[in-house]
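Undergrad: next one to model:
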Amino acid sequence: MINLLLQSQPSPPARRLVLRMGLLVLMVLAGTVTVQAQAIDSTQVARYQLAEAYLRAAQFDRAISLLEDLYAANPQTHAFYEKLREAYEQVKRYDDALALIDARLALQPAQPALLAEKGRLRYLKDDEAGADEAWQEALQVAPGNANAYLVVYRALMQLRLFEKAIYVLEQGRMALDNTDVFQTDLAYLYGLNGQYEEAMDEYLNLLLRNDKQLGFVQSRLSRYIEQEEALRASIFVAERGVRRDPLNRTIRELLSWLYLEAGQYREALDANRAIDRLEQEQGRVLFTFAQQASDAGAYDVALSAYEEIRQRYPDAGTAPEALRGIGEMEERWAEKSAERAFDDQANRVSAPHYEKALDVYQAFLQQYPNHPFFPYVLQHIGHLQQDVFFNLGEAEGSLREVVQRFPNSDAAAQAEYDLGSIAMMRNDLETARLTFSRLEERLRTGDFAELARYELAMMHFYQGEFDAAQTLVEAMKENTSADVANDAIELKVLLLENKGPDSLNLPLRRFAEAHLLHRQRRTDAALEVLDGLLETYGTHPLADDARFYRARWLKERGRTTEALASLLEFPLIHPQSFLADKALFEAGEIQASLLDDKEGAIKTFTRLLTEYPGSLLVSDARARIRTLRGDGV
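TA: Now for the predicted structure:
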């Protein structure tokens, strides 16, 4: 009963707002309100509203004069009393506010809420001894009432007297002989006061009483566990809780979450392994954890989790998903480490993670030919063959099988899109156009339909048909949550800003030619076109786009030093370009990820913050600086 009372109590400001709104609503709807036999007429309502307007305009003297008259006429009306007391407090007329409370107490003695408020006002006028006396009296008049401790606690919280608030609630527990009362309030206070172990003890006790509060506890903890000391203390207490109650799943789940927050992925794996076994989950808990570890970049731990599912539960429903998960995890691992199957001279080199992913996917097809994931795995194989191993013939075979055998699946839509890309890479632009047109006509709506429309616009762009390209991208939906929509917006801006200087649009045609060559993996030829474009049209509005993409493509070709130099000088050449902040961000990424130059990367990201404070990349730059410094700045 007490716990329900704690959870339902509104804060003092909220309570005042509710009372005030209720009063005004009654006045407006009923015309009059009777409060203890004294009527409030419409004139008083109007004067009250005028007083509120004066307060909002900071005309305190006028407001107070009106409110004093209203209170004198109706001293029992709580809204008049409350508003006048607030007005006195705003202008620091604490003695007048205290006199109001004393008058109220004369009529209603032994009111803990009034005494708590009296203590707060005394504290504001620097009478700490008097404040303590009022708060103590508030507790003594109702020693067995939880509300008495709550109203004093809230008064102390308004004054940010956390230690006193803790003491009051702890005394309340003793007086009420109930260790469960004030649980969430004390946990919150302990956290604010840096008593992290005590806070965690309260949260664990809350979970022991109600395991459905796990989300609430995680939300509360997330406010301060970014501090290393708080996270360490929370883990210590949670580990102790698991030892004390090893069969409690909720506490183990909380401990696993804390391990993940701390980057202790092996320990998190152990926690989830225990949950999976204790609850006989047949690998389901491990599978969810493996996905979390993979998302966090802990690929070796994710691999261990997936492999344990395969070994321990080979006949469970999670086993095929675990095998597929291994393939996807290996793909992510390869992308994260910038793995390539060919070097800068187009020689085949080892790509262990991509190769493992391909082997895993092929094993899936052999072991689970009737599994619902079969078409998606087959499509992934085609994607790897196309974009990683550059084997367009095998890729086309895999993708056509998906389209033919599973025509109504999302995997078929992706495969059909990939087939259009293959045709474009082979410079068979007419086949590419037909493929994308058929896909768009068949689907009409959805992500792949939008992708097909964008590719049709790009087909026109590559062939110098700029008006047709512009018409298509302008008709696309601007759903900025989708990458394709952002790409469409960029193409639209490019076309609007860079046509001319004559009807032939020669600079834009050269730029489109370079993009098609790059799309076809003829990057060296694309770089030659951009170099020629910049040499001939160095002052054209398109020059910043050309320089930016030139730097990107230099990076792709392994010419890292040249790419970095180009990106760093970009803002000096084009300080007003919308690409300037992107150039600095990419330069910082090269320094941090490819050159292992942390100091240089921090300097570059800081330059972005200084030179382009309004950039959308500011938050990302700050995050990268914090990561590179290894601190919580």
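Undergrad: quick check: phi and psi on the residue lying closest to L564 once chain neighbours are set aside?
TA: With sequence-adjacent residues excluded and distances taken as Cβ to Cβ, 6 or more residues apart in numbering, L564 is closest to I590, at 5.0 Å. Using the backbone N, CA and C atoms, a C-beta is placed for each residue, glycine as well. The phi and psi values for I590, taken as degrees, to the nearest 10, are phi -60, psi -50.
Undergrad: list the contacts for I590?
TA: 555, 560, 563-564, 567 (Cβ atoms under 8 Å, 6 or more residues apart in numbering).
Undergrad: out of those residues, which end up buried?
TA: Listed as buried from the contacts of I590 are 555, 563-564, 567; burial here means 16 or more other Cβ atoms under 10 Å.
Undergrad: of those residues, closest to F162?
TA: L567 (49.0 Å; Cβ to Cβ).
Undergrad: and that closest one, how far from R550?
TA: 10 Å (Cβ to Cβ, to the nearest Å).
Undergrad: now do L260
TA: Distance from L260 to R550, by Cβ to Cβ: 41 Å.
Undergrad: which one's more surrounded, the two?
TA: R550 (23 against 19; other Cβ atoms under 10 Å).
Undergrad: is that one in contact with L530, as I believe?
TA: Yes: taking contacts as Cβ atoms under 8 Å, R550 lies within contact range of L530: 4.6 Å.
Undergrad: now for the two: what residues contact both?
TA: With Cβ under 8 Å, 6+ apart, R550 and L530 have no common neighbours.
Undergrad: thinking again about what came up before, so which of the contacts of I590 is the closest to I64?
TA: Nearest member of the contacts of I590 to I64, counting by Cβ to Cβ, is L567, at 62.9 Å.
Undergrad: picking up where we left off before, tell me the pLDDT at the residue nearest to L564?
TA: At I590, the predicted lDDT confidence score is 95.
Undergrad: just T77 next, same as before
TA: For T77, pLDDT reads 88.
Undergrad: same thing with A106?
TA: pLDDT at A106 comes out at 89.
Undergrad: packing partners for the helix or strand where it lies?
TA: Here A106, judged by DSSP states H and E, is contained in helix 94-107. Counting contacts by 3 or more Cβ pairs under 8 Å, 6 or more residues apart in numbering; DSSP states H and E, helix 94-107 is packed against helix 78-90, helix 112-124.
Undergrad: pull out the buried positions in stretch 596-611.
TA: So, applying 16+ other Cβ under 10 Å, buried residues of stretch 596-611: 597, 600-602, 604-605, 607-609.
Undergrad: CA atoms only for that stretch, dumped as CSV, please.
TA: Output of stretch 596-611 as CSV, limited to C-alpha atoms (Å, rounded to 0.1, in the frame of the first residue of the first chain):
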residue,chain,number,x,y,z
ASP,A,596,47.1,5.3,-36.6
ASP,A,597,47.7,9.0,-36.1
LYS,A,598,45.5,9.7,-33.1
GLU,A,599,46.9,13.2,-32.4
GLY,A,600,46.4,14.3,-36.0
ALA,A,601,42.9,12.9,-36.0
ILE,A,602,42.0,14.8,-32.8
LYS,A,603,43.4,17.9,-34.3
THR,A,604,41.4,17.5,-37.5
PHE,A,605,38.1,16.7,-35.7
THR,A,606,38.7,19.7,-33.5
ARG,A,607,39.2,21.8,-36.6
LEU,A,608,35.8,20.7,-37.8
LEU,A,609,34.2,21.8,-34.6
THR,A,610,35.9,25.2,-34.7
GLU,A,611,35.5,26.0,-38.4
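Undergrad: now do the same end-to-end measure for stretch 274-288.
TA: End-to-end distance for stretch 274-288: 14 Å, by Cα to Cα, to the nearest Å.
Undergrad: roughly how far is it from the heart of the chain?
TA: 28 Å (Cα atoms, centre = their mean, to the nearest Å).
Undergrad: and if you look at stretch 385-403?
TA: That offset, for stretch 385-403, works out to 36 Å (Cα atoms, centre = their mean).
Undergrad: likewise for stretch 544-560?
TA: 31 Å.
Undergrad: before we move on, what about stretch 455-474?
TA: Distance, centroid of stretch 455-474 to centroid of chain: 35 Å (Cα atoms, centre = their mean).
Undergrad: in that stretch, which residues are buried?
TA: 455-464, 466, 469-470, 472-473.
Undergrad: got it, and stretch 529-549?
TA: Per 16+ other Cβ under 10 Å, stretch 529-549 contains these buried residues: 529-530, 533-534, 537, 540-549.
Undergrad: in PDB, list the C-alpha atoms belonging to that stretch.
TA: This file holds the C-alpha atoms of stretch 529-549, laid out as PDB (Å, rounded to 0.1, in the frame of the first residue of the first chain):
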ATOM      1  CA  VAL A 529      38.700  12.200 -66.000                       C
ATOM      2  CA  LEU A 530      38.400  14.200 -62.800                       C
ATOM      3  CA  ASP A 531      42.000  15.400 -63.100                       C
ATOM      4  CA  GLY A 532      41.200  16.600 -66.600                       C
ATOM      5  CA  LEU A 533      37.900  18.200 -65.500                       C
ATOM      6  CA  LEU A 534      39.700  20.200 -62.700                       C
ATOM      7  CA  GLU A 535      42.500  21.200 -65.100                       C
ATOM      8  CA  THR A 536      40.000  22.600 -67.600                       C
ATOM      9  CA  TYR A 537      37.200  23.800 -65.400                       C
ATOM     10  CA  GLY A 538      39.000  24.500 -62.100                       C
ATOM     11  CA  THR A 539      36.800  27.500 -61.300                       C
ATOM     12  CA  HIS A 540      33.400  25.900 -62.200                       C
ATOM     13  CA  PRO A 541      30.900  25.400 -59.400                       C
ATOM     14  CA  LEU A 542      31.400  21.600 -59.900                       C
ATOM     15  CA  ALA A 543      35.000  21.800 -58.800                       C
ATOM     16  CA  ASP A 544      34.400  21.200 -55.100                       C
ATOM     17  CA  ASP A 545      32.400  18.000 -55.900                       C
ATOM     18  CA  ALA A 546      35.200  16.800 -58.300                       C
ATOM     19  CA  ARG A 547      37.900  17.400 -55.700                       C
ATOM     20  CA  PHE A 548      35.900  15.700 -52.900                       C
ATOM     21  CA  TYR A 549      35.200  12.600 -55.000                       C
END
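Undergrad: returning to what we had before: in helices, which of the contacts of I590 appear?
TA: If you go by DSSP state H, the contacts of I590 have 555, 560, 563-564, 567 in helices.
Undergrad: tell me which of those is nearest to D185?
TA: L567 (52.7 Å).
Undergrad: helix, strand, or coil at the residue nearest to the closest one when sequence neighbours are not counted?
TA: Closest residue to L567 apart from its sequence neighbours, by Cβ to Cβ, 6+ apart: A587 at 3.8 Å. Reduced to three states with DSSP: H, G, I helix; E, B strand; the rest coil, the structure at A587 is helix.
Undergrad: and A587, how far from L617?
TA: For A587, the distance to L617 - Cβ to Cβ - is 12 Å.
Undergrad: the more surrounded of these two?
TA: Taking other Cβ under 10 Å, A587 and L617 do not tie; A587 has more neighbours (27 against 18).
Undergrad: how near is the more buried one to L554?
TA: In terms of Cβ to Cβ, A587 sits 12 Å off from L554.
Undergrad: centre of the chain to whichever strand or helix holds Q49, how far?
TA: Per DSSP H and E, Q49 falls inside helix 42-56. Chain-centre distance of helix 42-56: 44 Å, with Cα atoms, centre = their mean.
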